[in-house]
Structures are given as structure tokens and as C-alpha cells.
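Enquirer: starting from these lines, generate the structure:
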Amino acid sequence: MQLPSPLTPFDVLCTPTFVAEGTARAVYPDTWQVGRGLFGGLVTATLVRALELATPDRPLRSLTAELFGPVQPGEVTLELSRLREGSAVTTTTIRLVQGGEVQAHGVGVLGKTRTTERDRVALKPPTPTPWREVEVMPVEPPMGPVFSQHFEYRPTGAFPFSGATVAEAEGWLRPKVPVTRRDAAFLAGCIDVYWPTIYLLEPVPRPMATIAFTFQPFARFEGLDPEAPLFHRAKLIAAEDGYCVEYRELWGEDGRLLALNQQTFAIIK
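Expert: Numbering: from 1, shown residues only. A predicted model of the protein is given here:
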């Protein structure tokens, strides 16, 4: 089995190939790890892409996923099972299997457009420093996890392990290798690129892992500069017993909301 090049665009890496109805395969290269396993954003992006490919007339509206095993470079199998298909909404389960073990599981809700007359965003948009005025932060190894070498970071808030008193992370991001397809899967990967907000409070690095991931995309890129980065905003909601929950957002350069995400992290030690 030949692994893809590490320089393969992110949108290509997260696109599986269907080999039968309800079964797809993906192959991951080296250099996309964080800790003992693969970058979780690549895993969740693959789940999203597979769900949308299986139901092409209904965009993803919500994904709830659990990432309970470290995925390794190499081949994985995706197993999809439709729970219900209504007149407008389809609900599908998806499992990512590697080495005979389930390493991730998700449930996707995909739905047709119903109405647009009530479209609105209650969140106050961020007003960040324009991305061209923000210096690129060197996050590549050993400063950051292995996968970080594939992304450009322009933080506008506190840095990890800086002794901050508020656990809120902000900054611009984009893949270093340009993608040709920006959609829900692309957003699922990008929303996982920045560090956990609790790292801002920590004096030194410590291992953590995402164990639960809830994601809602608003993948409307029309009119956005395809070369402009996305703006990430996140804050710690609560922490207890070695687990913490944070809320994440992705915004376009023009202030449009692109995605929402809630993650539960396990503080490993």
C-alpha cells in the first residue's frame, strides 16, 4: 500500500473512496499525527466527507462524534449505516475501523434547505486585527504537534503555556498547501487546528485528547477570498475530574459565521 504524499492537499486527504454501498476506504500519510495518533481534525473531516458523499443531495447539518482510539498512518475503512431517511432529513451512523478495531464513531444529520427567511446569527462577530497585519507564529515541531507543520497560524490572543488568566484562544489559520474544495469537511478539519484553550493556563505542555466532538457547519463560502485564512475563536466552558469542555467558532474574513464546535477533552496526565 502506497501512502499519499504528506504534501497532498487537506481536502484530498479527507476524501475517501467508496468500494461498496455503505463502505469506503481512506489512506493517511505520515506527518499528520498529534501525540500517539492522527490529527483529530483529519479524522472528523473524513467522517463528514464520507457522510456527504453518501447523501449528496443533503448537506451535513450536524455531526456528533467520539474519537476513542489513536488512528495511525495507513488505510482505514469507513462503515456507514442509514438510521432513517425522511422527506428532508437523513440520519446516518459512521464508524472508522483500522486494524479490526473501531477507532472513531459518529452520527451525521443531513438535511435539505427548508427555508431561509429566518436566517440569522445571534453571536457577536469578532473584530480581529486583519490577518495580513498579524505575524505568522512558528508552531512546527518541536514547538507544536507533528501535524501543525501543515498549517499557518496567526494568533491574535494569548499563546499556549503563557500563564494567561483567561482560557480563550483566537487567531487566523489556513493550510499551507492550498485546497481546491472548501466545504463542511474542510471546516471540520480547520476548527480542530488550534490548541485546547486550557493550554493557555498551563505552565508546560501536557498530553490531552479530544474524546467527543460536536460540529455544525454553515459552509457558505461564496464571495470569500479563497486565499484568506479563517478566524478561530474558542473559550473554555468548564473543567472537572480531568476533563474539560470548550466551545469553538470559525469565521470568514468578512465576519460571516462558518462553523460551531463543542469538544470534550481528556487531560491524560
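Enquirer: give the closest residue to residue 22 in space, chain neighbours not counted.
Expert: The spatial neighbour of residue 22 that comes closest, neighbours along the chain excluded (Cβ to Cβ, 6 or more residues apart in numbering), is residue 80 at 4.8 Å. Bear in mind the C-beta positions are built from the backbone N, C-alpha and C, glycine included.
Enquirer: residues contacting that neighbour?
Expert: Contacts for residue 80 were tallied using Cβ atoms under 8 Å, 6 or more residues apart in numbering; they are 22-24, 50-51, 54, 92-94.
Enquirer: below-threshold pLDDT in this structure: ranges please.
Expert: 1-2, 142 (pLDDT under 70).
Enquirer: rewinding a little: among the contacts of residue 80, name the ones in strands.
Expert: Per DSSP state E, strands hold the following members of these: 23-24, 92-94.
Enquirer: give me the buried entries from the contacts of residue 80.
Expert: 24, 50-51, 54, 92, 94 (16 or more other Cβ atoms under 10 Å).
Enquirer: make a markdown table from those and add distance to residue 147 to it.
Expert: Converted to a markdown table, those look like this (distance: Cβ to Cβ, whole Å):
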| residue | distance to residue 147 |
| --- | --- |
| 24 | 22 |
| 50 | 20 |
| 51 | 22 |
| 54 | 26 |
| 92 | 27 |
| 94 | 22 |
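Enquirer: show me the two of these that sit farthest apart.
Expert: Largest separation among these by Cβ to Cβ: 24 and 92, giving 12.3 Å.
Enquirer: mutual contacts of those two, please.
Expert: Common neighbours of residue 24 and residue 92, using Cβ under 8 Å, 6+ apart, are 54, 80.
Enquirer: just to revisit the earlier point, go through the buried ones among the contacts of residue 80 and name the one nearest residue 146.
Expert: residue 50 (24.0 Å).
Enquirer: in the sheet, who's paired with the residue nearest to residue 22?
Expert: Under the criterion DSSP bridges, residue 80 forms beta bridges with residue 94.
Enquirer: how much space separates residue 39 from residue 145?
Expert: Relative to residue 145, residue 39 is positioned 7 Å away (Cβ to Cβ, to the nearest Å).
Enquirer: can you confirm residue 163 is in a helix?
Expert: No. Using DSSP: H, G, I helix; E, B strand; the rest coil, the assignment for residue 163 is coil, not a helix.
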